[in-house]
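**Q** Following is a predicted model, sequence given first.
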Amino acid sequence: MRDMLPLLKKTNFPAIKRARMNTLQVNLGYLCNQTCFHCHVNAGPKRKEIMDEANINLLIQLMEISGIKTLDLTGGAPEMNPYFRKLVLAARKLKINVIDRCNLTILSEDGYEWLADFLADNQVEVAASLPCYLEDNVDAQRGDGVFQTSIAGIHKLNSLGYGMEDNKLTLNLVYNPQGISLPPSQVELESAYKKELLARYDIHFNELFTITNQPIARFGSTLVTKGLFDEYMTLLKDNFQQANVKGVMCRTLISIDWQGYVYDCDFNQMLGLHAPIEGEDKLHIAQLIAQEELEQTLHQGLAGQPITIMDHCYACTAGQGSSCGGAL
Ligand code: SF4
Ligand code: SF4
């Protein structure tokens, strides 16, 4: 995999500073049952890097004393971490809203028969990738058979009440473009998804989040190999919208890697760019927990601290903007 840092380092992206923090985003590891083309973490079935129980326990400690409102779980397939259930149960006991970034196909894997019921029983919000409502497009991006298995996964969630109007279980779908283009209007695409998925497959969901592909990891490397990196960066920069800068997600979250280190966002995590919090080069959650008045530090003390930016940040501000919750 190509080192993308030299290509992204020199940037004119405007400086950004933290606001009040409300979300803890945790990458539980790079193990995944899929190997998608656009994957920004290069996840796959052979990856060995997953968060261990000691760091899970530190996260639980952090949640107990930090007063955070949302725990956002990513991977890989976060559910493949053996301590996924322990972490979710601890968060729900503390009344923390939990988001599971689910790839849908994991719901049909052998050994994961418990998953759908577990998510529903604990009112976990599901954010699920479905990059198109057309089978061929999804299979081209995510692998043969992925579309039909994803549809089966959504049916399973719908049958438990997820995405149904009269139910509190939230199922949001996530779209990302297939090539070097920006996502179309989130509002219009959501309406097309709702119409097509209902008519073709009797599928229900709450919202559609459109996400811009990041020029890093597997997607970034492919752009370089195909000689399209500069063209894609020009597209992102030409569509820069100053108004999106204040809404970028790194202003209100901290991102934790599978080893327990702190970053500004999942993308910086993949680039190995540690968050410059409290002047530390590399801050571990154990150091955060050890701080006196942690809640004060996380919610107010971080406000105003700088965020590490490089050229990939233009993916968050191009066009309608992009974050883990879709357009800004
Ligand atoms: S994009 Fe998601 S489902 Fe695909 S390989 Fe990466 S983590 Fe797995
Ligand atoms: S890439 Fe990360 S650090 Fe840069 S603007 Fe987006 S969320 Fe913030």
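**A** Yep, it's here. Numbers count the residues shown, from 1 in each chain. Ligands and ions are numbered 1, 2, ... in the order given.
**Q** Just give me the neighbour total for the residue in the stretch 101-250 of the chain positioned nearest to ligand 1.
**A** Nearest to ligand 1, among the residues of the stretch 101-250 of the chain, is residue 103, at 3.5 Å (Cβ to the nearest ligand atom). C-beta: built from backbone N, CA, C; applies to glycine. Using other Cβ atoms under 10 Å, residue 103 has 27 other residues around it.
**Q** Residue 161 now?
**A** For residue 161, using other Cβ under 10 Å, the count is 14.
**Q** Could I get the contacting residues of it?
**A** 120, 167-169 (Cβ atoms under 8 Å, 6 or more residues apart in numbering).
**Q** For the residue of the stretch 101-250 of the chain closest to ligand 1, give me the pLDDT.
**A** At residue 103, the predicted lDDT confidence score is 94.
**Q** for residue 133, same thing?
**A** Looking at residue 133, its pLDDT stands at 87.
**Q** That one is in contact with residue 192, isn't it?
**A** Yes: taking contact to mean Cβ atoms under 8 Å, the distance of 7.4 Å between residue 133 and residue 192 places them in contact.
**Q** which one of those two has more residues nearby?
**A** A direct count of neighbours by other Cβ under 10 Å for residue 133 and residue 192 places residue 133 higher, at 24 against 13.
**Q** How is that one classified with respect to secondary structure?
**A** Here residue 133 is recorded as coil under DSSP: H, G, I helix; E, B strand; the rest coil.
**Q** Contacts only, for the residue in the stretch 1-150 of the chain that ligand 2 sits nearest to.
**A** Residue of the stretch 1-150 of the chain nearest ligand 2, by Cβ to the nearest ligand atom: residue 16 (6.5 Å). Applying Cβ under 8 Å, 6+ apart to residue 16 gives the contacts 245, 248, 250-251, 306-307, 309, 313.
**Q** Same question for residue 263.
**A** Each residue near residue 263 by Cβ under 8 Å, 6+ apart is listed here: 254-257, 269, 273-275.
**Q** Next, give phi and psi for the nearest residue to residue 48 once chain neighbours are set aside.
**A** Computed as Cβ to Cβ, 6 or more residues apart in numbering, the closest residue to residue 48 that is not its neighbour in sequence is residue 31, at 7.5 Å. Listed backbone geometry of residue 31 is phi -70, psi 130, with angles given as degrees, to the nearest 10.
**Q** One more: residue 148?
**A** Geometry field for residue 148 lists phi and psi as phi -60, psi -40, criterion degrees, to the nearest 10.
**Q** Distance-wise, check residue 176 relative to residue 126.
**A** 17 Å (Cβ to Cβ, to the nearest Å).
**Q** got the residues of this structure near ligand 1?
**A** By Cβ under 6 Å from any ligand atom, the part of the chain that sits against ligand 1 consists of 32, 34-36, 39, 41, 43, 75-77, 103, 129.
**Q** Buried ones among those?
**A** When neighbours are counted using 16 or more other Cβ atoms under 10 Å, the residues of the chain next to ligand 1 contain these buried positions: 32, 34, 36, 39, 41, 43, 75-77, 103, 129.
**Q** Out of these, which one has the lowest pLDDT?
**A** The member of those with the lowest pLDDT is residue 39, at 75.
**Q** which stretch of helix or strand covers it?
**A** Assignment of secondary structure by DSSP states H and E places residue 39 within no helix or strand.
**Q** burial of the closest residue to it other than its chain neighbours, as a residue count?
**A** The shortest distance from residue 39 to any non-neighbouring residue, by Cβ to Cβ, 6+ apart, is to residue 218 (5.1 Å). By the other Cβ under 10 Å criterion, the neighbourhood of residue 218 contains 20 residues.
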